[in-house]
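Visitor: One predicted model, sequence on top.
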Amino acid sequence: MDFSETTGQQIRDENVRACMEIFKVIETSFGPISFDKMIINELGEICFTNDGANILKRIEILHPAAKILVSLSQQQDEEIGDGTTGVVLIACELLKRANELINKKIHPSVVISAYRLAMCYACRRIKENMCVFTGLSDTSFFINVAKTSLSSKIIGLNSKKFATISFYVIKSVFILEKKKKKIYFELKAINFVKVYGDSMNSSHIFDGCVIEHQEMFSNVVNYTGPVKIMCFNFDLKLSKPKLGVSVQTKNLSDIKTIFDRELKALLVQVKNIVQVGVNLIFTTKNIDDFIVKYLVKNGIVIIRRISDIFIKKIAAITGLKVQNSLKKNNLYYDTKFLQIGEAEEFFKEKISSENFILLRGCRFCPSGSVILRGATGFLLDEIAHALYDAMCAIKKAAETNKFVTGGGSVETNLSVSLEKLASNIYTQEQLGILEFSEALLVIPKTLCKNAGLNYTEILSKLKILHLISLYEKFSQLKHFGIDLFTGQLVNQLKNGIVEPAVSKIKSIQIATEATITLLRIDDFIISTKQNKNK
């Protein structure tokens, strides 16, 4: 077996170098005053985004250490939905400063121990000293959480409108479980409908499910009463013989008899559908024209050839079971076993040049839709992604009911607190804790740099304020952060810049864990198996 090996400090230097390249790519895309990246893939498709997870997912990365940062960003995106850029910036800064300590002959185990201690202290301080609590009825807090998340996105200039949309859409899928005293949000029931044309400011919400359709047959415009729904995932028509199957008979009348028998069986099943009281049918496949005519005559609306995704969504929100066949153990004999979906009403509406079905009042599970308008496909995709991130932030804030202020206030407060902690430690871990405290300042520093502010002067003033806030008499100063539009230090709680506390805690935890993972690597081996026949 042939292999190449890189060991010791050389591998750590290479890992840091690869991670700092990632740092340079996403650094300018952090904060409300930041830049977008234009990414073109091998097919020539263009994407404009400043979302850290989206950028790292789309670019080609080969180095194993850099891939860890990509997975780090994806993990933050899946668990929290926001803070995907900040977590990578913190991880890169922690790794760079740890490597500098190791170059100064501090053992990696000492640095790792110091980082773990600093991480635990920082997370505990956020929970015990930095959190703001509020009730679920205080809508302004949750709208401010969404505004903070959206401020760095492409819709940041109109963040108030879209933050309100995010709040009321996620409110429509709110579920309270009284027995366990827990709240849930069915984010999967939220539907983003992307319609080309008009301004993004024309986007609006609909309290229900919006379904695009291609083929609709009906003799009514809409139902304002209760709607009973069925979904089919098969062709409702006379079945054709399978390939290789043939019918042998000496009498032509036998063929007609077989045909009439199959037709009768199918008509019995169709009549049973009518008797059940169904008045709306969705199918992913086809329905024979004579069956369509019969069903429409009986007041049933038929929508053919919709996607599997919409069929599953309709089943989830209306409580029905998708029918995959109509066999003898099915509609032919009994219809009681069927799970038929229900909704209060449905409408047919044309938006731009596209036709939609709108279901409202789905009784099994709440549902909400956002009708997005925009000039291009990638703009609509970016708006949808930004709104989803904002909804995830609201969800986490509501579930934990804990908030922290933004604008670099949390990181600066943790930095001065860790410096105070380090002053009481007389072992080599003191150096690691001090570097950890300095690494956290990468967040306010990057915010200032991207806004074109003098970060040296601003950070000095901000650190003094937070140093004073360690005294109980001046504890309210802990909420002071940077107003990037004026360059002033303001109370971010009054300014409405708030985030879920769990977002900050998770960012620090997974960034530290990723850094420790890379610091523990002291050998890099690439092995190649030889051909045994040679």
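Guide: Yes, it's here.
Visitor: Show the low-confidence segments of the stretch 101-250 of the chain, by residue range.
Guide: In the predicted model of the stretch 101-250 of the chain, residues 178-181, 214-215, 219-224, 240-245, 247 satisfy pLDDT under 70.
Visitor: again, only using 80
Guide: Where the stretch 101-250 of the chain drops to pLDDT under 80, the residues are 134-138, 175-184, 186, 188-189, 207, 212-226, 237-250.
Visitor: which residues in it form strands?
Guide: Assigned by DSSP state E, counting those that start in this stretch, the stretch 101-250 of the chain shows strands spanning 132-133, 174-177, 182-185, 190-196, 204-206, 209-212, 215-217, 227-232.
Visitor: Go through stretch 232-239 and flag the buried ones.
Guide: Residues of stretch 232-239 classed as buried: F232, N233, F234, L236 (neighbour count, 16 or more other CB atoms under 10 Å). (C-beta placed from N, C-alpha, C; glycine too.)
Visitor: Determine how far it lies from the middle of the whole chain.
Guide: How far stretch 232-239 lies from its chain's middle: 36 Å, per CA atoms, centre = their mean, to the nearest Å.
Visitor: Equivalent analysis for stretch 64-80, please.
Guide: Relative to its chain's centre, stretch 64-80 lies at 14 Å (CA atoms, centre = their mean).
Visitor: go on, stretch 199-216?
Guide: Its chain's C-alpha centre and that of stretch 199-216 lie 20 Å apart, by CA atoms, centre = their mean.
Visitor: Among the buried residues of stretch 232-239, give me the pair with the biggest separation.
Guide: Spatial extent of the buried residues of stretch 232-239 (CB to CB) is set by the pair N233 and L236 at 10.5 Å.
Visitor: what residues are shared contacts of those two?
Guide: By CB atoms under 8 Å, 6 or more residues apart in numbering, N233 and L236 have these common neighbours: T283, K285.
Visitor: in the chain, which helix or strand is least confident?
Guide: strand 2-7 (a mean of 55; mean pLDDT, DSSP states H and E).
Visitor: Following the chain past that one, name the next helix or strand.
Guide: Sequence-wise, the next helix or strand downstream of strand 2-7 (DSSP states H and E) is helix 8-26.
Visitor: and that next one, what does it pack onto?
Guide: Contacts defined by 3 or more CB pairs under 8 Å, 6 or more residues apart in numbering; DSSP states H and E place helix 8-26 against helix 52-58, helix 64-79, helix 84-103, helix 501-519, strand 523-528.
Visitor: In JSON lines: these, plus distance to R360.
Guide: Below are these laid out as JSON lines (distance: least, CB to CB, whole Å):
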{"stretch": "helix 52-58", "distance to R360": "33"}
{"stretch": "helix 64-79", "distance to R360": "31"}
{"stretch": "helix 84-103", "distance to R360": "34"}
{"stretch": "helix 501-519", "distance to R360": "33"}
{"stretch": "strand 523-528", "distance to R360": "58"}
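Visitor: Identify each buried residue in stretch 424-440, please.
Guide: Neighbour counts over stretch 424-440 (16+ other CB under 10 Å) mark E429, L431, G432, I433, L434, E435, F436, S437, E438, A439, L440 as buried.
Visitor: In which helix or strand does L359 reside?
Guide: Element membership for L359, per DSSP H and E: strand 354-360.
Visitor: Show the average pLDDT along the helix or strand just after that strand.
Guide: Sequence-wise, the next helix or strand downstream of strand 354-360 (DSSP H and E) is strand 368-374. Mean per-residue pLDDT for strand 368-374: 88.
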